[in-house]
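Student: task: produce atomic coordinates for the following.
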Amino acid sequence: MRRPATIEKLYLDFDGFFASVMQQAIPSLRGRPVGVIPFEVEGRGADSTCVIACSKEAKAFGVKNVMPVPEARALCPDLVLVPQQPDLFRRANATLLNEIGCELPIEAIKSIDELTCGLDPRDVAQPLALAHRIKTRIAKNVGSYITCSIGMAANRLLAKIACKVDKPNGVTIWTPDAMPGPLLKRPLSDVPGIGSSMRKRLEAAGIVSMDDLWASQPKHLRAIWGNVTGERMWYAVHGYALHAMPTQRSMFGHSRVLPPDLRTFAKAEECSRLLLTKAARRMRRGGFRAGSLSLWLSLYDDTWGKSCDLPSVLDDLAIQRALRGLWATARHDLPPKTKAYIVSTMLGGLTSATMRQGDLLLDDDKERRRSERITNTIDGLNAKFGKRVVTLGPWSDLALAGGKIAYNRIPSAEDFW
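Tutor: Residues are numbered from 1 along each chain as shown. Next comes the predicted model:
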């Protein structure tokens with residue numbers, strides 16, 4: 001396995017992306033502590049939700065992402081709450097990617113606010129000049145209120161950890177000849193893939209610091225992780241060049257935090273229908289069929305969830321029929337006045353849309369083909385004439401039926417139809 005003698009990867013993380021985009025787009029928010037919330041509310045209605053993203057000014061008061069609004073307001077009484085604008089975030093991301101791509105090729109988009117690039121010999125020789133060009137281009141062509149932190153190192157994992165060292169708007173370069181000195185100063189929580197549960201497993205194995213992780217052995221980490229990921233982690237931390245493992249899509253889903261007036265069974269079911277319709281559209285655009293459907297409800301003091309099998313379908317008729325069945329189960333299991341504040345739907349068991357294996361006990365091929373033709377026709381009309389010219393059932397104009405902040409994926413324009 002190759003161990004680079006110089007830096008090869010750049011990792012870029014936009015600082016407080018969602019809040020800074022709002023500040024750039026709305027001048028009255030600039031320089032003020034901003035908290036982005038899931039939906040628009042009046043008065044103290046926001047106390048029932050949480051801050052899902054915050055600006056650096058809010059963070060200076062101790063406000064954190066995913067913090068209940070009352071707690072955030074206690075820390076920062078002047079906090080300005082603004083509802084999310086997911087399509088604005090999508091368009092900002094596309095603009096920023098275009099600007100960065102003008103300086104060097106983007107290797108992988110890790111999330112809506114993070115990306116990684118490979119470095120060519122010129123950039124390896126002058127990494128600070130590259131970082132300056134990127135930051136200058138963003139400030140000039142997009143806006144000075146959107147900043148980024150940049151890390152450079154021998155591989156992607158080390159560059160990502162380095163990216164966290166000098167936030168916001170910093171640049172950190174870890175050359176191989178300087179390692180592991182700067183790495184050993186970082187907490188274990190800086191390592192991607194080490195969350196609270198993995199931290200406990202590492203501590204049980206006697207690994208409580210970055211020094212311990214560095215001094216461990218590949219097979220030891222593999223045993224702790226229970227798979228090859230742990231061994232790959234050891235080699236990445238030690239500066240070896242690793243290629244990302246291929247991934248396979250496993251599900252399509254949507255979830256929403258419901259405003260207080262939409263938390264009844266009837267309205268939560270309507271919202272889940274719209275969310276599932278969007279998930280099914282995404283699944284078809286991705287070229288998949290679904291073999292299962294799950295519905296999850298977050299209640300005030302509990303959670304409820306059920307799944308059902310699907311006969312390898314992609315049409316809305318079959319998917320929505322299955323959703324109605326899950327809601328019937330929910331109504332049977334839960335008291336009539338139960339309130340759900342988060343609703344989630346997920347299509348799983350994915351297979352290629354071009355391959356469908358029929359069920360010997362379910363003679364539905366003729367009906368399924370007819371339903372798929374209807375669904376494909378609806379998709380085609382909407383794609384040609386725009387948005388929701390044809391829908392299967394009424395389409396309520398609910399705020400949460402649109403897109404939402406997407407931390408781990410970049411929504412497409414169709415997500416907002």
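
Student: list the buried ones in the strand or helix carrying Lys267?
Tutor: Element membership of Lys267 [criterion: DSSP states H and E] is helix 265-286. By neighbour count with 16 or more other C-beta atoms under 10 Å, helix 265-286 contains the buried residues 265, 267-284. All C-beta atoms are positioned from the backbone trio N, CA, C, and that covers glycine.

Student: got it, and stretch 189-207?
Tutor: For stretch 189-207, the neighbour count (16+ other C-beta under 10 Å) marks 190-191, 194, 198-199, 202, 207 as buried.

Student: show me the two of those that sit farthest apart.
Tutor: Farthest apart among the buried residues of stretch 189-207 by C-beta to C-beta are Asp190 and Ile207. That separation is 14.3 Å.

Student: what sits against Asn169?
Tutor: By C-beta atoms under 8 Å, 6 or more residues apart in numbering, the contact list for Asn169 reads 15, 135, 147-149.

Student: would TSV of these with pLDDT, distance to Cys50 and neighbour count be doable?
Tutor: Putting those into TSV (pLDDT from 0 to 100; distance: C-beta to C-beta, whole Å; neighbours: other C-beta atoms under 10 Å) gives the following:
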residue	pLDDT	distance to Cys50	neighbour count
Asp15	94	21	19
Lys135	97	31	18
Thr147	96	24	19
Cys148	97	25	25
Ser149	97	25	23
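
Student: need these in TSV with secondary structure, can you?
Tutor: What follows is these, written out as TSV (DSSP: H, G, I helix; E, B strand; the rest coil):
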residue	secondary structure
Asp15	coil
Lys135	helix
Thr147	coil
Cys148	strand
Ser149	strand
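
Student: run through the helices of the stretch 101-250 of the chain in chain order.
Tutor: In the stretch 101-250 of the chain, the segments counted as helices under DSSP state H, counting those that start in this stretch are 121-125, 127-141, 156-163, 181-184, 196-204, 210-215, 218-225, 228-237.

Student: I should have written the stretch 301-417 of the chain there, sorry.
Tutor: With DSSP H, counting those that start in this stretch as the criterion, the stretch 301-417 of the chain has helices spanning 316-333, 365-385.

Student: which of those helices sits most buried?
Tutor: Burial among these, expressed as mean neighbours by mean count of other C-beta atoms under 10 Å, is greatest for helix 316-333, which shows a mean of 17.

Student: domain map for the chain?
Tutor: For the chain, automatic domain parsing gives the domain ranges 1-179, 188-247, 252-416.

Student: and the average pLDDT for the shortest one is what?
Tutor: I take that to be domain 188-247. Average pLDDT, domain 188-247: 92.

Student: centre of the chain to it, how far?
Tutor: In terms of C-alpha atoms, centre = their mean, to the nearest Å, the gap separating the centre of domain 188-247 from the centre of its chain is 23 Å.

Student: same thing with the first one?
Tutor: Offset of domain 1-179 from its chain centre (C-alpha atoms, centre = their mean): 14 Å.

Student: kindly report the same for stretch 278-298.
Tutor: Stretch 278-298 has its C-alpha centroid displaced from the chain centroid by 16 Å (C-alpha atoms, centre = their mean).

Student: of the domains of the chain, which stretch is the most buried?
Tutor: When neighbours are counted by mean count of other C-beta under 10 Å, the highest per-stretch mean among the domains of the chain falls to domain 1-179, a mean of 18.

Student: and the end-to-end length of that one?
Tutor: One end of domain 1-179 sits 18 Å from the other (C-alpha to C-alpha, to the nearest Å).

Student: do the same with stretch 117-125
Tutor: The distance separating the two terminal residues of stretch 117-125, taken as C-alpha to C-alpha, comes to 15 Å.

Student: what does it rub up against?
Tutor: Outside stretch 117-125, the residues that touch it by C-beta under 8 Å, 6+ apart are 6-10, 12, 100, 104-107, 127, 130, 152.

Student: quickly name whichever of the residues you listed is closest to Pro168.
Tutor: For the contacts of stretch 117-125, the residue nearest Pro168 by C-beta to C-beta is Leu12; the value is 12.4 Å.

Student: show me what that closest one bridges to in the sheet.
Tutor: Assessed by DSSP bridges, Leu12 has beta-bridge partners Leu115, Ile150.

Student: distance-wise, check it relative to Ile134.
Tutor: If you measure Leu12 against Ile134 using C-beta to C-beta, to the nearest Å, the figure is 7 Å.

Student: list residues touching both of the two?
Tutor: Both Leu12 and Ile134 are in contact with 100, 148, 150, where contact means C-beta under 8 Å, 6+ apart.

Student: perfect, I'm done here.
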